[in-house]
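> This is a predicted model, with the sequence first.
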Amino acid sequence: MIFEISHIEKIIFTNKQNISWNDVEQYLKRYIGQTFVVQRYQDQINIAGDFPNEFSESRYTKSLRGALAKVKANSAQIIVAMIINAVNRRWIENKNAKHKYNASEGWYRYDTYFSIPVKGSGEKTERYNKYRATLVVRKTLKGLYLYDVLDIKKEASTPLESQETVR
C-alpha cells in the first residue's frame, strides 16, 4: 500500500509533562464547520463542534503521558493533511447507546501516518520520528464527522512500500 506521510514542521505544544489541552482545543476550533476530502476514497469528512473537545478530553487522550501526549497535541497542526492522506478505511457498527444519534450509521476508521521533528543541539532538526494513528469518524445520515485521533504508535521503520510526501 502506498501512503503519504504528513510532516509536522514546528513543535508548538512543547511540554511533555503538562500539555495545555485547553490550548490544543482552542487551536482545533479553527476547523469547525470545514470539510476535507480523503484523497483515496473521496470521502468528505466534516469537522463538527464536538471534535476539538473530544480530541483534547477523550479517555484515550487522558491516558497519554510524555512523548505520546506531545505527539498527539502537535498532530493538531496537521489534522487536515492527516484526513487528506488517510488510508485503510474500515466500517465498524455502532454498539454504544451513547452514540445512538451522533453515529447512527456506525463508524469509519482510517489509518494515517505523520512525522514529528527531533531536535538536536542548536534546535536543528536531526531526524523525524514517524507515527501511525487511527482517525475515528462517526457516520450519520447527514455525513461523516471526525471524532478523534487514537492509537498513536511510533513506527520502528518506514515500510518499503511507503511514499513520503510533504503535505
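It's in.
> Output the below-cut-off pLDDT ranges for this protein.
Counting by pLDDT under 70, the chain contains low-confidence ranges at 1-2, 157-167.
> and the longest strand seen in the chain, what does it pack onto?
Longest strand of the chain, by residue count under DSSP state E: strand 125-140. Contact here means 3 or more C-beta pairs under 8 Å, 6 or more residues apart in numbering; DSSP states H and E; on that basis strand 125-140 packs against strand 43-46, helix 66-75, helix 79-84, strand 107-119, strand 143-154. For every residue, glycine as well, the C-beta is placed using N, CA and C.
> cutoff 10 Å now
strand 5-7, strand 43-46, helix 51-57, helix 66-75, helix 79-84, strand 87-92, strand 107-119, strand 143-154 (3 or more C-beta pairs under 10 Å, 6 or more residues apart in numbering; DSSP states H and E).
> Just the CA atoms of it, as CSV, please.
C-alpha atoms of strand 125-140 as CSV (Å, rounded to 0.1, in the frame of the first residue of the first chain):
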residue,chain,number,x,y,z
THR,A,125,16.3,19.0,13.2
GLU,A,126,18.3,15.8,13.4
ARG,A,127,15.7,13.5,12.1
TYR,A,128,11.9,12.8,12.1
ASN,A,129,10.2,10.2,14.2
LYS,A,130,7.4,8.5,12.2
TYR,A,131,4.0,7.7,13.7
ARG,A,132,0.8,5.8,12.7
ALA,A,133,-2.6,6.8,14.1
THR,A,134,-6.2,6.0,13.6
LEU,A,135,-8.8,8.6,12.6
VAL,A,136,-12.2,7.8,14.2
VAL,A,137,-15.0,9.2,12.0
ARG,A,138,-18.7,9.0,13.0
LYS,A,139,-21.2,8.3,10.3
THR,A,140,-24.7,9.7,10.3
